[in-house]
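Asks: dropping a prediction and its sequence here:
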Amino acid sequence: MSKSMNNSITMSDPPVANALFNNTKLAWIWLIVRVYLGYEWITAALHKLESAAWMQGGSALKGYWVNAVAVPDAPAKPVITYDWYRSFLQFLLDHNSYVWFAKLVAVGELLVGIALILGIFVGIAAFFGGLMNFNYMLAGTTSTNPMLFLLAVLLMLAWKTAGYWGLDRFALRWLGTPWKPGDIFHKKTESPQS
């Protein structure tokens, strides 16, 4: 911990967090996690993309939502624990959103998987993958979702080094971040000679 000129306190990361999330020497760990998670997303997406129940009308997603929002008779526990989430899915059902949402899920899973395997915008891809996992868990589907969600959170924390052995190594340098623009935004324009 150190004090800067304006008396604010700056906290430093613990050594293990610094090594895992800031050191490119351990980027190979994130390469393994990324490729595994990306493979899982692509595998999940491919069967949806090849299915008419997902890509033509969304009947597969409609069935899932209908089963998820149905509250079984007592004493059985509802599939969805949170009433607000059940209401949200019911709203989507009432407005036939499954027609376009099924395509969004399938294509979204594919794009997240491709981005993770290529190592491009890893933090953003992991966020959207984790968001999908979180929604599946809210809807009552556990399966592999808790583990995939945990891996997505770890990749979000390691966003600076997770794509080092991937396209982020170049893209982050070139594009930068919202708070620190990259090389493309710092090109010097040549002034005309007189």
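Replies: Sure, I can see it. The structure presented is a predicted model; accordingly, all values stated were derived computationally and were not measured.

Asks: residue ranges with poor pLDDT in this protein?
Replies: For the chain, applying pLDDT under 70 flags the ranges 1-6, 71-78, 187-194.

Asks: which helices and strands sit right next to the lengthiest helix in it?
Replies: Assignment by DSSP state H gives helix 27-49 as the longest helix of the chain. Using 3 or more CB pairs under 8 Å, 6 or more residues apart in numbering; DSSP states H and E, the elements in contact with helix 27-49 are helix 52-55, helix 98-118, helix 122-138, helix 145-157, helix 159-162. Any C-beta I mention is one placed from the backbone N, CA and C, and that applies to glycine too.

Asks: how about G57: what's its closest non-neighbour residue?
Replies: Of all residues not flanking G57 in the chain, V99 sits nearest, at 6.0 Å (CB to CB, 6 or more residues apart in numbering).

Asks: hmm, back to that, from the helices and strands packed on helix 27-49, which stretch is densest packed?
Replies: The highest mean neighbour count among those, using mean count of other CB atoms under 10 Å, belongs to helix 159-162: a mean of 22.

Asks: ok so, going back, right, and the helices and strands packed on helix 27-49 - which one's nearest L92?
Replies: Closest approach to L92 among the helices and strands packed on helix 27-49 is made by helix 98-118 (6.6 Å; CB to CB).

Asks: convert the C-alpha atoms of the closest one to PDB, please.
Replies: In PDB, the C-alpha atoms belonging to helix 98-118 read as follows (Å, rounded to 0.1, in the frame of the first residue of the first chain):
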ATOM      1  CA  TYR A  98     -38.300 -17.400 -28.600                       C
ATOM      2  CA  VAL A  99     -38.500 -17.000 -32.400                       C
ATOM      3  CA  TRP A 100     -35.600 -14.600 -32.600                       C
ATOM      4  CA  PHE A 101     -34.100 -15.300 -29.200                       C
ATOM      5  CA  ALA A 102     -33.300 -19.000 -30.100                       C
ATOM      6  CA  LYS A 103     -31.200 -17.800 -33.100                       C
ATOM      7  CA  LEU A 104     -29.500 -15.200 -30.800                       C
ATOM      8  CA  VAL A 105     -28.500 -17.900 -28.300                       C
ATOM      9  CA  ALA A 106     -27.200 -20.300 -31.000                       C
ATOM     10  CA  VAL A 107     -25.200 -17.600 -32.800                       C
ATOM     11  CA  GLY A 108     -24.100 -16.000 -29.500                       C
ATOM     12  CA  GLU A 109     -22.700 -19.300 -28.200                       C
ATOM     13  CA  LEU A 110     -20.800 -19.800 -31.500                       C
ATOM     14  CA  LEU A 111     -19.300 -16.300 -31.400                       C
ATOM     15  CA  VAL A 112     -18.200 -16.600 -27.800                       C
ATOM     16  CA  GLY A 113     -16.600 -20.000 -28.500                       C
ATOM     17  CA  ILE A 114     -14.700 -18.700 -31.600                       C
ATOM     18  CA  ALA A 115     -13.500 -15.500 -29.800                       C
ATOM     19  CA  LEU A 116     -12.300 -17.600 -26.800                       C
ATOM     20  CA  ILE A 117     -10.400 -20.100 -29.000                       C
ATOM     21  CA  LEU A 118      -8.800 -17.300 -31.100                       C
END
